[in-house]
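Colleague: the sequence isn't on hand, but the structure is:
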């Protein structure tokens, strides 16, 4: 029993601490990454508007 | 003392409604970033690591995951923690080696069936897509029901009113997914990731403070808690022959989880949406942490609910009666019934918003994924060629149709089975076939279309593991001469049938020789654009 309960305690503590760290890490960095992705998507959208025939071409 | 008591108040309702209105705004706003099909289906493959991690976590940490994990914590206590450990190890292996996901991203396809056509044939693509959609929509069958049970228990909602609320939630998800596609899914997933992450940590803090370390210890020392998953006998439910886990179930779940983590379509859509193959590999490595948390923290809540109800015999008796007599209450309800008592008003609104976020973030990705497959891999190959505009329109129609199917079947039709078992079985229908077809396609040159057909159809044998089929098989003396047949036997058999079919079909009926393509020879390049629209 001791072995199993030690293992499960490690799993639960690692999950909670790791998740907290991940939320902090992602929340900060992901917003700037989102801005970069949206900039790239905006360029894509502009290109699509300039060449609407591309979207109408059957493939 | 009544079973149905909740601290949910007006301020909690305001918090939840404000959050939902925010999601509508994001859906409208994101629509401006959808220029072409690639933007709509995979956000133009622009995702970097942290954003991809947030959206993958948001998708895979659904309310249904929280519910079935806490149900397992309630019924199998600590022993059920073997599942998060499996997920952690599987993701670690995939993340360190890039197994399957690296090569799959190198092909620059938009969906897995698209890979089938490049590697095998158009027929394999269409069949694979049909199998994927059938299995995927079946798999979602209980999502709405699980969500209903959570809201019923934690907010005190009842009957028809509850059904209307769930319908409204689904309509909201349909609205922003139809409008903004993957772009709005990614943005809402990021918001949902933060809200549900905070909610999960908040609940864990309340649960630990309520039960205390001594209370968690007593679960094993005084309340006969189950802690050894290798044992087939569950001490908390010793009279139930199916209450335990045991070596065979451990093996079956290892196979299913490992395959699902590599090849479950909603997860793969994130792999295919990232900028490079290297980011795809790292995404899996970093996912070890949220995936460990997504199952183990709700298991802890379920264990706390078990401790709470055993310490309150009067409430435990009421719960047992409700489970027996009320179709809306099951062991799934134990955790939210418990949380409704210990989390104070105000914070309960944040928790419910977090869980609603979990519900929505899974639904949006799944709806987009399956409808994208319908468009790209069933409609276009059979009725094409289609322009990008027509493809986006077809995908939007697919989202709405799947949403209607889910609403009719998942909410208004009663499905009586345990959550995780149901999901594992319906998942097997797809996973048993896709494992040999994709892995064989990527790593074995002799894999053929005939082998792929047999393997994909072999996955259908997974349906035999559903409860009514297992009961029928066990009622036939000629089929049970070696002993009782259990669902885990049949799930494993399904994987064996598909693998054997793929090997035999490929060796006996090889494809004619053809030039090497990026699908079977991994090459350099990030492949941001769609490889094939047809």
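Modeller: Perfect, thanks for sending it. None of these values were measured; they are calculated from a predicted model.
Colleague: got any ranges where chain A has weak pLDDT?
Modeller: A:48-59 (pLDDT under 70).
Colleague: report whether the lengthiest helix in it contacts chain B.
Modeller: Longest helix of chain A, by residue count under DSSP state H: helix A:2-50. Yes: Helix A:2-50 lies within reach of chain B by CB under 8 Å from any CB of the partner chain, at A:4-5, A:7-8, A:11-12, A:14-16, A:18-23, A:25-27, A:29-31, A:33-34, A:36-38, A:40-42, A:44-49. Where C-beta positions appear, they are placed from N, C-alpha and C, glycine not excepted.
Colleague: now stretch B:409-424: mean pLDDT?
Modeller: Averaging pLDDT along stretch B:409-424 yields 69.
Colleague: and the stretch 101-250 of chain B, which residues reach chain A?
Modeller: Counting by CB under 8 Å from any CB, the residues of the stretch 101-250 of chain B that sit close to chain A are B:183, B:186-187, B:190, B:193-194, B:197-198, B:200-201, B:204, B:217, B:220, B:227-228.
Colleague: let's go with 10 Å and repeat that
Modeller: B:182-183, B:186-187, B:189-190, B:193-194, B:196-198, B:200-201, B:204-205, B:208, B:213, B:216-217, B:219-221, B:225, B:227-230 (CB under 10 Å from any CB of the partner chain).
Colleague: mind giving me the ChimeraX select for the residues you listed, buried ones only?
Modeller: Those of those that count as buried under 16 or more other CB atoms under 10 Å in any protein chain shown are selected in ChimeraX with:
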select /B:182,183,186,187,189,190,193,194,196,197,198,200,201,204,208,216,219,220,225,227,228,229
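Colleague: which of the residues of the stretch 101-250 of chain B next to chain A fall in helices?
Modeller: B:182-183, B:186-187, B:189-190, B:193-194, B:196-198, B:200-201, B:204-205, B:208, B:213, B:216-217, B:219-221.
Colleague: ok so, going back, check the offset of the longest helix of chain A from the chain's centre.
Modeller: Counting by CA atoms, centre = their mean, to the nearest Å, helix A:2-50 is centred 5 Å from the centre of its parent chain.
Colleague: show me what contacts residue 17?
Modeller: Picked chain A for this. By CB atoms under 10 Å, 6 or more residues apart in numbering or on different chains, residue A:17 lies in contact with B:289, B:293.
Colleague: the chain in question should be chain B.
Modeller: B:349, B:353.
Colleague: may I see the buried residues of the host helix or strand of residue B:26?
Modeller: In this assignment (DSSP states H and E), residue B:26 forms part of helix B:10-30. Across helix B:10-30, burial judged by 16+ other CB under 10 Å covers B:12, B:15, B:16, B:19, B:20, B:23, B:26, B:27, B:30.
Colleague: please pick the buried ones from the residues of helix A:2-50 next to chain B.
Modeller: So, by 16+ other CB under 10 Å, the buried ones in these are A:4-5, A:8, A:11-12, A:14-16, A:18-20, A:22-23, A:26-27, A:29-30, A:33-34, A:37-38, A:40-41, A:44-45, A:48.
Colleague: just to revisit the earlier point, could the buried residues of helix B:10-30 go into a markdown table alongside pLDDT and distance to residue B:385?
Modeller: Below are the buried residues of helix B:10-30 laid out as a markdown table (pLDDT from 0 to 100; distance: CB to CB, whole Å):
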| residue | pLDDT | distance to residue B:385 |
| --- | --- | --- |
| B:12 | 87 | 51 |
| B:15 | 87 | 48 |
| B:16 | 86 | 45 |
| B:19 | 83 | 42 |
| B:20 | 82 | 39 |
| B:23 | 75 | 35 |
| B:26 | 77 | 33 |
| B:27 | 70 | 30 |
| B:30 | 74 | 28 |
